[in-house]
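A.B. asks: sequence-free structure coming up:
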């Protein structure tokens, strides 16, 4: 049976072919934000006792509709006011309801480090990310070969961006390279769309000493954040529990105050 991750990656490769038919590397290099100096997501995380990367997305394969009519500018400014370490922005449209324009709008609305959360399968997407105003990109270990992951990491950093490399199982850890800025442990199984914080609690044991590591997905309570901090995480990426809350600013404030 084909997994949702396999389906997403196949669709993304088709989208990249369309992207290549419309844009060249030079096109992206000539855009306004391409020459912008990026902000460090890692430094922002480490400047706090425990940093939160707050996410923006409209829907997901696992949760369905989350915030279909989200006010991007309002949320971006609220996240900034609440002192998060950075913002993660989903730009995949078909499965997550995002667009490239979302990242551009956020870049114009706030000064926080921005993570382009996308299924990166081609180096042209990395040039596109810089042109859209991203400070960092996400690389998903399960969809890349080790050589690709290294190449994409070095390329992103040559353009001034940082890299978060995401894992879900220890058999992917061999793809970690010395250049990766932040290691992300995804509590959600992208193939089965199941989520458990036990993934972070187990896999943190495999992370090389001294690496900046964050936990991603399924985090809902202050107690969970305190637990993650106590076992060595430097931060967490949180989206759904903030976006679905009736009072997101107050909820986010409770999370940040707890850690």
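C.D. replies: Noted; the coordinates are in hand. On a predicted model such as this, the values are computed, not experimentally measured, just so you know.

A.B. asks: max-length helix in the protein?
C.D. replies: The residue-count maximum for a helix in the chain (DSSP state H) belongs to helix 4-22.

A.B. asks: ok, and what's touching the helix or strand following that helix?
C.D. replies: Following helix 4-22 in sequence order, the next helix or strand is helix 25-29 (DSSP states H and E). Here helix 25-29 makes contact (C-beta atoms under 8 Å, 6 or more residues apart in numbering) with 34, 124, 127-128, 130-131. Quick note: C-beta positions are derived from backbone N, CA and C, even for glycine.

A.B. asks: Against residue 124, how distant is the nearest residue to residue 146 once chain neighbours are set aside?
C.D. replies: Take residue 146 and drop its neighbours on the chain: the residue closest to it by C-beta to C-beta, 6 or more residues apart in numbering is residue 175, 4.5 Å away. In this view, residue 175 and residue 124 are 21 Å apart by C-beta to C-beta, to the nearest Å.

A.B. asks: which of the two has more neighbours?
C.D. replies: Taking other C-beta atoms under 10 Å, residue 175 and residue 124 do not tie; residue 175 has more neighbours (21 against 17).

A.B. asks: backbone phi and psi for residue 64, please?
C.D. replies: phi 70, psi -150 (degrees, to the nearest 10).

A.B. asks: which strand residues sit across from it in the sheet?
C.D. replies: residue 60 (DSSP bridges).

A.B. asks: And it, how far from residue 183?
C.D. replies: Residue 64 sits at a distance of 29 Å from residue 183 (criterion: C-beta to C-beta).

A.B. asks: Between those two, which is the more surrounded one?
C.D. replies: Neighbour count, other C-beta under 10 Å: between residue 64 and residue 183, residue 183 has more, with 24 against 8.

A.B. asks: Distance of the closest residue to that one other than its chain neighbours relative to residue 42?
C.D. replies: Leaving aside its chain neighbours, residue 183 sits nearest to residue 213 (4.7 Å; criterion: C-beta to C-beta, 6+ apart). Computed as C-beta to C-beta, the residue 213 to residue 42 distance reads 11 Å.

A.B. asks: one step back: test my guess that the residue nearest to residue 146 contacts residue 140.
C.D. replies: No - contact between residue 175 and residue 140 fails when scored by C-beta atoms under 8 Å: they sit 10.0 Å apart.
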